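**Q** with the input below, show me the fold.
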Amino acid sequence: MNTLRQLRKFWILSVTTVVLACLSDAVAQTSYTVTDLGILRDDWNLSCAMAVNNHGWALTQNGFLPNNSPSGVNPVPARDTINIGELKIDLGSLGGPNTNTWMNWGGINDRGQAVGISETLVPDPDGEDVCALGTGLTCRPFLWQDGQMSALPTLGGNNGQASDINNRGQIAGTAETTDIESTCPFMAHISLPVIWEEGKPQPLPTVDHDPDGFAFAINDLGQAVGYSGTCTTALHAVLWQGGTALPLPGIGHHGAIAQGINNQGQIVGLVGAAGTFYAALWQNATVDAVTTLGTLPGDFAALATGINSRGQVVGSTMNSSFNWSHAFIWQNGVMTDLNTLFPASSNLFATMANKINERGQIVGMGTVLSGPHAGDTHAFPATPVNASVGTSVADVAPTHPKSNLPANVRQQFLQRFGLGRFAQ
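**A** You can find the predicted model right below:
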């Protein structure tokens, strides 16, 4: 399947009010305690925490990635969970116990409402396989609350995806219409950025008459961010506010994606460059330029996916083969490998950091260093502590640890998280 299609279809990203610490103010470097959340089922090999609320509840995707899985097919079976301490709450599925859920850049708010995508029991009549789980079933956005999962309506099409929810209950994502995108080189319905309010999808405008778009994140003011483009290309990073689509600057004509926004309107994401992409920060919608955060030394690409109201940014870097390499935190104008702030006792080498809450807790995924699950990928929350890190994971694992995931995991993850368009 064309990796550019995944950018349109599968880029799937709640804060309390606090006093903003400006980016120019000092944010003390700290160390973290790290919890290995494991995996929902012991015989699976992958979990990744994609979102966290201000109570520290982590929204986590779990699955099994088989070694013979063809490129582009993601973990089957797969389930979403909410992790509260040692408690794992399986969110279920719209299609019953034998169908799957996923979340891409899913969201959870402080009320415990969560969003993502789920298979139904209905085969996709056009064979789009939007959930990308290899089953060909219709894929619907969902809202989970009070122990129940319910489907969110589309714009008349078969599929949709929900990617974030704020503390007002507004949900950001994308939804298909009944129209076919006639200029697309493969079969695809037009999919528009939407905000669901009280269960009803409100389509958002795109930029320059682009046929498609995706809203990835939404703050408590109702400002949403994402991209506008075609079925093959993310042309513009976009901020939506007051019913208006405001394009955000990139670098040249290489494309850009806005992935996260805090309540002060600071936006993070990535900007394309020649043959790669870099983590990016937009201070507000009126600036004339993007601040490129770059990547870590020795790595080739980076994306920023979370920002809190203190202006702390988290994200992930990749090596020259576009394998997930290191989780990072960016503060005081400096990008730091999160592994240098994790104690050696954590037993996880962090390869992805996805979101950061107002308490400074970070969630993501890492490679297990030792024990019966060595080489598997496990979800984690990292909680800041006021202590010196001492010996860190980076000290005991100076090179990237060996992963048990199959060799084609790079392509599968690039497609799943929407980076295929920038990795060519």
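**Q** so what sits opposite residue 224 in the bridge?
**A** Judged by DSSP bridges, the bridge partners of residue 224 are residue 218, residue 240.
**Q** how far away is residue 257 from residue 248?
**A** Residue 257 is 9 Å from residue 248, where distance means Cβ to Cβ, to the nearest Å. The C-beta positions use only the backbone N, C-alpha and C, and glycine is treated the same way.
**Q** more neighbours: which of the two?
**A** Each of residue 257 and residue 248 has its neighbours counted (other Cβ atoms under 10 Å); residue 257 has more, 31 against 24.
**Q** show me what whichever strand or helix holds the more buried one is in contact with.
**A** In this structure, residue 257 sits in strand 256-261 according to DSSP states H and E. Contacts with strand 256-261, where a contact means Cβ atoms under 8 Å, 6 or more residues apart in numbering, come from 11, 13, 105, 216-219, 223-227, 234, 236-239, 248-250, 267-272, 280, 282, 290, 303-307, 355, 418.
**Q** tell me the angle the next helix or strand after it makes with strand 256-261.
**A** Per DSSP H and E, the first helix or strand lying C-terminal to strand 256-261 is strand 267-273. Here strand 267-273 points in a direction 160 degrees away from that of strand 256-261 (axes from the mean of the first three to the mean of the last three Cα atoms, to 10 degrees).
**Q** same for strand 267-273, what does it pack against?
**A** For strand 267-273, the packing partners by 3 or more Cβ pairs under 8 Å, 6 or more residues apart in numbering; DSSP states H and E come out as strand 234-241, strand 256-261, strand 276-282, strand 301-307.
**Q** for residue 257 and residue 248, list the residues in contact with both.
**A** residue 237.
**Q** alpha carbons of the strand holding residue 257, as CSV, please.
**A** The C-alpha atoms that make up strand 256-261 are tabulated as CSV, following Å, rounded to 0.1, in the frame of the first residue of the first chain:
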residue,chain,number,x,y,z
ALA,A,256,4.7,20.2,7.4
ILE,A,257,2.4,18.6,10.0
ALA,A,258,1.2,20.2,13.3
GLN,A,259,0.9,17.5,15.9
GLY,A,260,0.2,19.1,19.3
ILE,A,261,-1.0,22.4,20.8
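**Q** paired strands for it, with orientation please.
**A** Counting by DSSP bridges, strand 256-261 is paired with strand 267-273 (antiparallel).
**Q** list of residues touching the strand it pairs with?
**A** Residues contacting strand 267-273 (Cβ under 8 Å, 6+ apart): 225, 237, 239, 248, 250-252, 254-261, 277-282, 284-285, 290, 292, 302-307, 313, 315, 421-422.
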